[in-house]
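*Asks:* below is the sequence, then the predicted model.
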Amino acid sequence: MGSIRVLGTGSHVPETVLTNFELEKTLDTTDEWIVQRTGIRERRIADTQEAASDLAKKAAIKALEAANMRAEDLDLIILATITPDTCCPAAANWLQAKLGAGNAVSFDITAACTGFIFALSVARQYLQNGQYKNALVVASEVLSRTLNWQDRASCILWGDAAGAAILDTSEQGAELLSVHIHSDGSAGRNLLLPSGGSSTTPITEASVREGRHYLAMIDANKTFKVAVKRFAESCEEAASYNGHRISDIDLIIPHQANLRIIRAFAERLKVPEEKIFINIHKYGNTSAATIPVALDEAVRSGRIKAGSKVILTAFGGGLTWGSSFIQWN
Ligand SMILES: CC(C)(COP(=O)(O)OP(=O)(O)OC[C@H]1O[C@@H](n2cnc3c(N)ncnc32)[C@H](O)[C@@H]1OP(=O)(O)O)[C@@H](O)C(=O)NCCC(=O)NCCS
């Protein structure tokens, strides 16, 4: 079995910026509350014409360029999303067609904010067993379509974005050394997108009246505490599996759910803030997309350099959590 490499990364955020100050005009909230409780200052909102596959396509094209590859070269496309263009077909199939990646098999993965880590894990298995030589792993979310813009406790948190990475089995490039993923279905109700699924009947007049088509958060404070614990555990799992201590790690790229969650787990691990990548102030929580967007920004800004030991760590609805260790070279 050869090494699994990260050949290139890419990301895309929609042009429209929605600031906290703009939210103040329609909601009983303030920029000060949102910044203090979450660290978010603004988020991006997709155009009404843009679906998850459209954002994903733009991120994927940049990743392909960085990897010096063409869409026709792709063997496998895995798209992580909880906001697919349609329930059927998969958003990955729309993406395959839009990219002209006709030689690739394509499918979606649903693991909420941990979706990119789950997708990395699945792609890595296919590459390790030799069935495919390369993969486009992409996460894309248009969460703005799922939000109740009257619900100040939830709608201020989320945004739209996409990020991508190309994996292959060559001898060059950053080495994807491990991926660990976990689930706890018993707490699945804590982050829920109910309508349209088979347990809730299709969307009806009544379900819309009751707001069942909106993303719902239950016990957000409890989720906050579980998140801190799981982020810390999964960082430790990634480091120890690869024979390292947390202090050996150059950069931790966490899922961007809340700046206070990030600070709390960093404190628990005794990691200084300069070793943590943070961009939540610009984009909010873009679910599965936060990690690949942050990874791409860290690569392109030079924050990740040759020799960097990088841990990606995520926690989200499902519940799901996990981590990945990448040795840059
Ligand atoms: C949602 C979250 C930001 C709320 O922050 P918090 O500090 O826990 O705030 P609370 O929910 O305790 O609310 C405190 C008060 O602010 C109010 N409030 C909530 N949203 C507000 C807003 N946008 N503006 C102003 N006040 C707001 C509440 O009504 C509450 O008022 P009360 O004390 O009079 O009842 C935080 O709990 C969180 O990030 N949780 C995890 C979210 C999650 O599940 N993310 C996805 C998975 S990682």
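*Replies:* Thanks, I have the structure now.
*Asks:* where exactly do the helices run in the stretch 51-200 of the chain?
*Replies:* 52-67, 91-99, 115-128, 152-155 (DSSP state H, counting those that start in this stretch).
*Asks:* who in the stretch 101-250 of the chain is up against the ligand?
*Replies:* Residues of the stretch 101-250 of the chain lying close to the ligand by Cβ under 6 Å from any ligand atom are Cys113, Arg152, Ala153, Ile156, Leu191, Met217, Ala220, Asn221, Thr223, Phe224, Ala227. The way it works is simple: take the backbone N, C-alpha and C, and place the C-beta from them, glycine included.
*Asks:* which residue is the nearest non-sequential neighbour of the fifth one?
*Replies:* Leaving aside its sequence neighbours, Leu191 sits nearest to Gly317 (Cβ to Cβ, 6 or more residues apart in numbering; 3.2 Å).
*Asks:* can you give me the pLDDT of Thr201?
*Replies:* Per-residue pLDDT puts Thr201 at 66.
*Asks:* no, scratch that, I was asking about Leu191
*Replies:* As predicted, Leu191 sits at a pLDDT of 86.
*Asks:* list the contacts of it.
*Replies:* Leu191 makes contact with Ala112, Leu215, Ala216, Met217, Ile218, Thr223, Gly316, Gly317, Gly318, Leu319 under the criterion Cβ atoms under 8 Å, 6 or more residues apart in numbering.
*Asks:* please name the bridge partners of it.
*Replies:* Listed by DSSP bridges, the beta-bridge partners for Leu191 are Met217.
*Asks:* was I right to think Ser53 contacts Pro89?
*Replies:* No. Using Cβ atoms under 8 Å, Ser53 is not in contact with Pro89, being 10.1 Å away.
*Asks:* quick one: which of these two has more around it?
*Replies:* Ser53 (27 against 15; other Cβ atoms under 10 Å).
*Asks:* check contacts around that one.
*Replies:* By Cβ under 8 Å, 6+ apart, Ser53 lies in contact with Leu79, Asp85, Ala91, Ala92, Trp94, Leu95, Lys98, Ser140.
*Asks:* and the residue nearest the centre of the protein?
*Replies:* Centroid-nearest residue in the chain, with Cα atoms, centre = their mean: Ala288, separated by 2.2 Å.
*Asks:* name all residues that make contact with the closest residue in space to that one that isn't next to it in sequence.
*Replies:* Closest residue in space to Ala288, ignoring its immediate chain neighbours: Gly115 at 3.1 Å, by Cβ to Cβ, 6+ apart. Neighbouring residues of Gly115 by Cβ under 8 Å, 6+ apart: Ala80, Thr81, Ile82, Ile109, Ala139, Ser287, Ala288, Gly316, Thr320.
*Asks:* for Ala71, same thing?
*Replies:* Ala60, Ile61, Leu64, Leu99, Gly100, Ala101, Ala104.
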